[in-house]
Structure formats: C-alpha cells, structure tokens
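A.B. asks: need a structure here:
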Amino acid sequence: MYEYEYEYGSSGGLEALGIGYIIVMLLLTLLVIVSLWKIYNKAGQPGWAAIIPIYNIWVLLQIVGRPGWWIILFFIPCVNIVIGVMVYLDLARVFGKSVGFGIGLILLSFVFLPILAFGDAEYVG
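C.D. replies: Numbering: from 1, shown residues only. Purely as a prediction, here's the structure:
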C-alpha cells in the first residue's frame, strides 16, 4: 500500500506575507488617523476627536454642516453608505474641493485624506 507522510509545519512564507499585510494595514490606518486629526484641526475642531469612536462622526458632521441627529443614520445598514458618501462629498466641498475630489475621498480615502490634510486646502465652512 501507499504510505503518506504529512508535515504540519510551514516554511514561513505565508506567515511573512500575513505579517507584511498587517504592517501595511497598520501604517495605512495610522496615516488615516493622522490625516483626520489634521483635518479636524484645520476645521477648528479638536484633533483628538478623530480617535474617539462615535464622537468623531459627530464632529465630522459639525465640520460638514450637517445636523447632529444624522449620527443615528450611520447605524442603519445601507443608509449608512449613502450618508457616508454625502458626508465625504460635503467634506470636499467645505474645504473648497470639487466633486471629483469628493469621489476620490470616497474611493481612495487613504490617498485623498492626506492630500486634504497636508495640502494647501483651507476650511471655508
């Protein structure tokens, strides 16, 4: 008959790939947090608000000029996507950017948030 040998070890390649992925995701998350901190400061809000869950949405709604009760809409499935799109389009608008930039914020926020934060965009309200 046939004899099968199973090796339950690993060569380490997949682990390295997983660790690399985690490191990249952590760096992108840090970039987004720092960018939001800077955007909040540009808008005259406390930067630390960017790292407080739920409160950061409240402050973002104030920045874009939407009513505070909209925070409830972020907890309704499917509606939250529409509201998120509207808020990001409004975020581009209050910083004097175009709708195209707003679409960039929606689709590639890890690229466009740093541009908004560290670029020459100023909060116009």
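A.B. asks: mind listing what's buried in the strand or helix carrying Phe110?
C.D. replies: Assessed by DSSP states H and E, Phe110 sits inside helix 109-118. Buried residues in helix 109-118, counted by 16 or more other Cβ atoms under 10 Å: 109, 112-117. The C-beta positions use only the backbone N, C-alpha and C, and glycine is treated the same way.
A.B. asks: which one of these is nearest to Pro46?
C.D. replies: Using Cβ to Cβ, Ala117 is the member of those that sits closest to Pro46, with 15.0 Å.
A.B. asks: pLDDT weak spots in this structure?
C.D. replies: Scanning the chain for pLDDT under 70 picks out the ranges 1-12.
A.B. asks: can you pull out the helices in it?
C.D. replies: Ranges of helices in the chain, per DSSP state H, are 13-42, 55-64, 79-94, 99-107, 109-118.
A.B. asks: now do the last one against helix 99-107, angle only.
C.D. replies: Direction vectors for helix 109-118 and helix 99-107, defined by axes from the mean of the first three to the mean of the last three Cα atoms, to 10 degrees, enclose an angle of 130 degrees.
A.B. asks: same question for the third one.
C.D. replies: Taking the same axes, to 10 degrees, one finds that helix 79-94 is oriented at 140 degrees with respect to helix 99-107.
A.B. asks: make 35 the first number, not 1, from now on.
C.D. replies: In the new numbering, first residue 35, that becomes helix 113-128.
A.B. asks: quick one: distance of helix 113-128 to the chain centre.
C.D. replies: 12 Å (Cα atoms, centre = their mean, to the nearest Å).
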